[in-house]
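Colleague: Fold the following and give me the result.
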Amino acid sequence: MRHELRFASAGLTACLLLAVACLVSAAPAAAADSSPDLTPAQVLELARVQANIARLGLRWHAAPNPIALLPREQWLALCGAPPVVTWEGPILPPAGKLSPVALDWRDHGGNWVTPVRNQGSCGSCWIFGSVAAFESHWMIASGVPDQLDLDFAEQHVLSCGVGIGGCGGGLVGDALDFIQDHGICDEACFPYQASDAVPCAAACPDIAERLHFLGEWDHVTFGNIDVATINAAVDEGPLVTTFDVHENFVWYDTGVYSAYGSPSTGEGHAVCIVGYDDELLAWLVKNSWGPHWGGLGGYFWIAYDSGCGFGAWTYQCLPPNNEPVLSEPTLEPSTGEVGQVFTWSVVYTDAEDDAPTTAAVTLCNPVSGIWANQPMNSADTTYADGALFTLSLALADTGTYRYRFNFMNEHEQVVRLPGPPLDHYEGPVVTPVIDQPPVLSDPACVPDPGPAGGTFSFTVVYSDPEGQWPSLSSRLSIWSPASGTWTDHVMTTDDPDCSDGSLYRCEVMLPEAGLYRHRYVFVNEALQYVTLPGEPGAYLEGPQVGGTSAAPAGSPSVTTALPPVPNPANPAVNLRWILARPGTVVYDLYDARGRLVCRLPLGEQPAGEGSVVWNGRDTRGRPVPSGVYLARLTVTGGGSPQYFVSKLNLVR
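Modeller: Coordinates of the predicted model:
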């Protein structure tokens, strides 16, 4: 069911959705054979209309008809509801459109349009336009054309649609809602009497067995005249639409009508679009004023650009949208321990291939008793043939859980397993588990001893029988003999399976000589701590860090790093060196915690003094914050590398 904004009264001109007024009067059958003479005022009005058509070069012809020959007061009295007051467009179709460029559902492999009806003196066009579109929709859905005796009862909606409108006007959406929710009987069951005073009980006794239901309906346009969109919908079947009625409309005879040059009556009308012609730039429309109105047997052509908002509010009858289905629900395992992963699965099928906007397992926690939705996911995006949705979830509380599946598609159709909203499945049963603590083993530091300013690799093996990751902490703490403080460093691993032991490593540059100390602290997702050494406050000795490496033969003998300038730097700093002999130079910048910030590989450099500018950015080009940094110069040239460490302050 769709919902429309409504006009509260004729005085609410700012309303967003049309409440359709009907301009219809009963035309006596004899009017087709012998029209009464025009009054002088009507002669003048017709002359005015014809002169306007000629002056503007419009494409239609005006002539007398039963509605136009009514006294003006009666004509205006038939117009009782607000018109289409604002719209956007028209947006005309692009040039070079592929076929069809024209369509007439009266001659489209058969006739799919029922005969023109006459709504009499009742302003019930909002019903007649809707029923006309529904009758064509019914034929198209059945695949059987030329059902000229198909006739649904407009009086059924007029008499039984309590509170939704009457002979004074109503909304197309309300008429379609009524047919969708309550159905509509045939004309023989409830003959049309052009009166909203006829009680609903006047229908035939077996009306309940003679109902026909509309599956769905939807807006084609919503305040905008998009010709291509409307015509694409007409390709699927006739539509109901509304427009603002201008004074000259009642004189329509033949041709392609447009309202330009004529004032609005301030009223609206609902009709049924049964075709279009892109060469004429016009729609073919079925009216409900009887077959003697106009010169086309009750039909008229109207321009895409009509000047009266035609098509701005257009509606389409749609086949019923089948309910989605859930099947084959499973839960694996049905019992397990706290922290174990449980997997729910269910197959979602939607015949119209409508995607679910909600797909969830609603799970009740056995401790809190609270139900909560847990979203399910599927790798399949084709739902007509069934898509497998799954949810994998680790459960943290003990007890017997309860669950149900809840899905809703884009048409707000809800499907649940098991059926009613409060039904549920039992399970899984979750029992407590006592985790065995993780273990740290095989610590190592390479090199030991090693040179000041060198990089030291620390490793340790982390094992957890339950395979729980040290997600809360995997750190190496190093005590510096120079500062007497402990500094934490993050250790990482490339091994995804910690149940059999994962090797964690961390590389740290140690700038100053002395005997360092270190320890390892890991905390897994179950908040289990493990340290190495195990006793509180204990630590491992090492590494022993000496001075810079002695230069072997062939290496520069008086190579050194010169002090950085300026120091403090803001932010660029000049890093300088002296080489006794040619050698390969690399400058590494570390923060105060020994983490590598930036590497400047300078390649082969000649003997003598050299320099490079560091711009205060890391390896990704991002500015680093103010603070103390260590600049390590590494020189290689025929022997072991030499390291020189300088301290600098970066101030921003």
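Colleague: Regarding this structure, what is its longest strand?
Modeller: Using DSSP state E, we find that the single longest strand of the chain is strand 264-277.
Colleague: Can you tell me the strand partners of it and which way each runs?
Modeller: strand 102-104 (antiparallel), strand 239-246 (antiparallel), strand 282-286 (antiparallel) (DSSP bridges).
Colleague: Confirm that residue 75 sits in a helix.
Modeller: Yes: counting by DSSP: H, G, I helix; E, B strand; the rest coil, residue 75 is located in a helix.
Colleague: looking at it, it is touching residue 250, isn't it?
Modeller: Yes: counting by C-beta atoms under 8 Å, residue 75 touches residue 250, with 6.5 Å between them. C-betas here are computed from N, CA, C, even on glycine.
Colleague: Could you point out which of the strands paired with strand 264-277 sits nearest residue 379?
Modeller: For residue 379, the closest of the strands paired with strand 264-277 is strand 239-246, at 38.5 Å, according to C-beta to C-beta.
Colleague: Identify the residues contacting the spatially closest residue to residue 319 that is not a sequence neighbour.
Modeller: Ranked by C-beta to C-beta, 6 or more residues apart in numbering and with sequence neighbours excluded, the top spatial neighbour of residue 319 is residue 215, at 4.6 Å. Residues near residue 215 by C-beta atoms under 8 Å, 6 or more residues apart in numbering: 180, 317-321.
Colleague: change it to 10 Å
Modeller: Each residue near residue 215 by C-beta atoms under 10 Å, 6 or more residues apart in numbering is listed here: 137, 141, 179-180, 317-322.
Colleague: And the furthest pair within the residues you listed?
Modeller: 179 and 322 (18.7 Å).
Colleague: neighbour count winner among the two?
Modeller: residue 179 (25 against 14; other C-beta atoms under 10 Å).
Colleague: In which helix or strand does the residue nearest to the more buried one when sequence neighbours are not counted reside?
Modeller: Of all residues not flanking residue 179 in the chain, residue 214 sits nearest, at 4.3 Å (C-beta to C-beta, 6+ apart). For residue 214, there is no host helix or strand (DSSP states H and E).
Colleague: unless I'm mixing things up, residue 214 is touching residue 181, no?
Modeller: Yes: with contact defined as C-beta atoms under 10 Å, residue 214 counts as touching residue 181 (8.8 Å).
Colleague: higher neighbour count, the two?
Modeller: Set residue 214 next to residue 181 and count neighbours by other C-beta under 10 Å: residue 214 wins out with 24 against 10.
Colleague: Now the worst-scoring helix or strand of the chain on mean pLDDT: buried residues?
Modeller: Sorting the helices and strands of the chain by mean pLDDT, DSSP states H and E puts helix 72-77 at the bottom, at a mean of 71. Residues residue 75 are the ones in helix 72-77 that count as buried (16 or more other C-beta atoms under 10 Å).
Colleague: so how far is residue 122 from residue 128?
Modeller: 9 Å (C-beta to C-beta, to the nearest Å).
Colleague: Ok, residue 44 next?
Modeller: Relative to residue 122, and taking C-beta to C-beta, residue 44 is found at 30 Å.
Colleague: quick one, which of the two is more surrounded?
Modeller: More crowded of residue 44 and residue 122, by other C-beta under 10 Å: residue 122, with 24 against 11.
Colleague: Name the SS class of the more buried one, please.
Modeller: Relying on three-state DSSP, one would call residue 122 coil.
Colleague: same deal with residue 293?
Modeller: Strictly by three-state DSSP, residue 293 counts as coil.
Colleague: That one contacts residue 250, correct?
Modeller: Yes: between residue 293 and residue 250 there is a contact under C-beta under 10 Å: 9.0 Å.
Colleague: Overlap in contacts, those two.
Modeller: Common neighbours of residue 293 and residue 250 (C-beta under 10 Å, 6+ apart) are 25, 65-68.
Colleague: Return the member of those residues nearest to residue 508.
Modeller: For the shared contacts of residue 293 and residue 250, the nearest to residue 508 is residue 67 (94.9 Å; C-beta to C-beta).
Colleague: Now that closest one: closest residue in space that isn't a chain neighbour?
Modeller: residue 250 (4.8 Å).
Colleague: What of residue 63?
Modeller: Closest to residue 63 by C-beta to C-beta, 6+ apart is residue 253, at 3.7 Å.
Colleague: give me the number of residues near the one you found?
Modeller: 17.
Colleague: was I right about it contacting residue 297?
Modeller: No: if you go by C-beta under 10 Å, residue 253 and residue 297 don't touch, sitting 11.7 Å apart.
Colleague: Separate out the buried members of the contacts of residue 215.
Modeller: By 16+ other C-beta under 10 Å, the contacts of residue 215 give 137, 179-180, 317-318, 321 as buried.
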